[in-house]
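Engineer: Fold the following and give me the result.
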Amino acid sequence: MAHYKVILAYDGTDFQGFQRQVKGRTVQASVEAALRSIGWQNSTILGAGRTDTGVHASGQVIAFEFGWNHSTVELQDALNANLPDDIAAQSVELTSNEFHPRFSATARQYRYRLFCDNVRQPLRERYAWRVWPAVSIELLHETAAYLIGRHDFSAFGSAPQPGGSTIREIFTSTWQGAKQDLVFEILGNAFLYHMVRRLVSFQVEIGQGKRNPDEIKSCLDGKERELVQGLAPAQGLILTEVVYPHQADDTTLNLK
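Structural biologist: Residues are numbered from 1 along each chain as shown. Below you'll find the model as predicted:
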């Protein structure tokens, strides 16, 4: 029985998140159904992360065992022929039995897209958050810099397991682009539930002049522990990459 690693891309609009549920369409259940249609007989796949309802991915990672008697290219083709149009296997490779897409990961990278406009833009808002009033890009840059390093992010999310640690290390945190197409990119060793979306919402409030940039420091140094209530919409968020030890020397990820 071979062990496979697959990178998935999906449009999360019509999914109730990644993780299989009793009711509702999910990415996991759709992938497992596609695998069963080509002869897979196991009960579950493993995933790198549980993206929420409406969140997209271009670099989600899954793994599974399969007695497939053909090449990895043929497995990718067979999977894509049976997956729905809003999911696609980007790559398939053989991996070791010890590989776990979640526990073997050393970092994860997310991207959040937004734009500033006072008029609804239906063709853009499927994959980005429209905000108004417009934000100050200078304030966004200033605020994002505070996030780099090791902090307690309990004000921005909850641990995956009750009582789990809320300390996370952020390697990169940047805003790019102009007001008509702003992108926030963040790379960290792990993330809390809703952490990225709360961080984006908080930064947007600062960029709009509703908060002082120093407030984010107070949330990270222990002076403020009440959970931030603002939550950026799901459609702007994409899981872009999951990093594993053999990628740790990739300087584009700023990892040591």
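
Engineer: The stretch 151-256 of the chain: strands as residue ranges?
Structural biologist: 167-178, 181-188, 237-243 (DSSP state E, counting those that start in this stretch).

Engineer: Please produce CSV containing those, extended by mean pLDDT and distance to Leu79.
Structural biologist: For glycine as for every other residue, the C-beta is placed from the backbone atoms N, C-alpha and C. Formatted as CSV, the strands of the stretch 151-256 of the chain follow (pLDDT from 0 to 100; distance: least, C-beta to C-beta, whole Å):
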stretch, mean pLDDT, distance to Leu79
strand 167-178, 97, 32
strand 181-188, 98, 28
strand 237-243, 98, 18
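
Engineer: Which among the ones you listed is found nearest to Asn212?
Structural biologist: Within the strands of the stretch 151-256 of the chain, the stretch nearest Asn212 is strand 167-178; the backing value is 17.8 Å (C-beta to C-beta).

Engineer: Now Ile216: closest residue in space that isn't a chain neighbour?
Structural biologist: Tyr146 (5.1 Å; C-beta to C-beta, 6 or more residues apart in numbering).

Engineer: Phi, psi for that neighbour please.
Structural biologist: phi -60, psi -20 (degrees, to the nearest 10).

Engineer: So it sits against Glu215, correct?
Structural biologist: No. Contact criterion C-beta atoms under 8 Å: Tyr146 and Glu215 do not qualify, at 9.8 Å.

Engineer: Spell out which helix or strand contains the residue nearest to Trp175 when sequence neighbours are not counted, please.
Structural biologist: Counting by C-beta to C-beta, 6+ apart, Leu140 is the residue found nearest to Trp175 once chain neighbours are left out, at 4.4 Å. Using DSSP states H and E, Leu140 sits in helix 137-146.

Engineer: What score does the residue nearest to Trp175 have for pLDDT?
Structural biologist: With respect to pLDDT, Leu140 has a value of 97.

Engineer: That one: neighbour count?
Structural biologist: 22 (other C-beta atoms under 10 Å).

Engineer: Report the angle between the top helix by length along the chain and helix 137-146.
Structural biologist: Assignment by DSSP state H gives helix 195-207 as the longest helix of the chain. Angle, helix 195-207 to helix 137-146, by axes from the mean of the first three to the mean of the last three C-alpha atoms, to 10 degrees: 140 degrees.

Engineer: going forward can the numbers begin at 59, since that is how I track them
Structural biologist: Happy to do that; since the first residue is 59 now, the last one works out to helix 253-265.

Engineer: which secondary structure elements does helix 253-265 contact?
Structural biologist: strand 165-174, helix 195-204, strand 239-246, helix 272-278, strand 295-301 (3 or more C-beta pairs under 8 Å, 6 or more residues apart in numbering; DSSP states H and E).

Engineer: swap the cut-off to 10 Å and go again
Structural biologist: Counting contacts by 3 or more C-beta pairs under 10 Å, 6 or more residues apart in numbering; DSSP states H and E, helix 253-265 packs against strand 165-174, strand 187-189, helix 195-204, strand 225-236, strand 239-246, helix 272-278, strand 295-301.

Engineer: So what touches the third one?
Structural biologist: Going back to what we said before, that points to helix 195-204. Taking contacts as C-beta atoms under 10 Å, 6 or more residues apart in numbering, the residues outside helix 195-204 that touch it are 172, 174, 194, 228, 230-237, 240, 242-244, 257-258, 260-267, 269-275, 277-279.

Engineer: Let me know whether Cys90 touches Phe122 as I believe.
Structural biologist: Small correction: residue 90 is Glu, not Cys. Yes. Here Glu90 reaches Phe122: they are 8.5 Å apart, a contact under C-beta atoms under 10 Å.

Engineer: any residues in contact with both of the two?
Structural biologist: Shared contacts of Glu90 and Phe122, counting by C-beta under 10 Å, 6+ apart, come down to 98, 100, 102-103.
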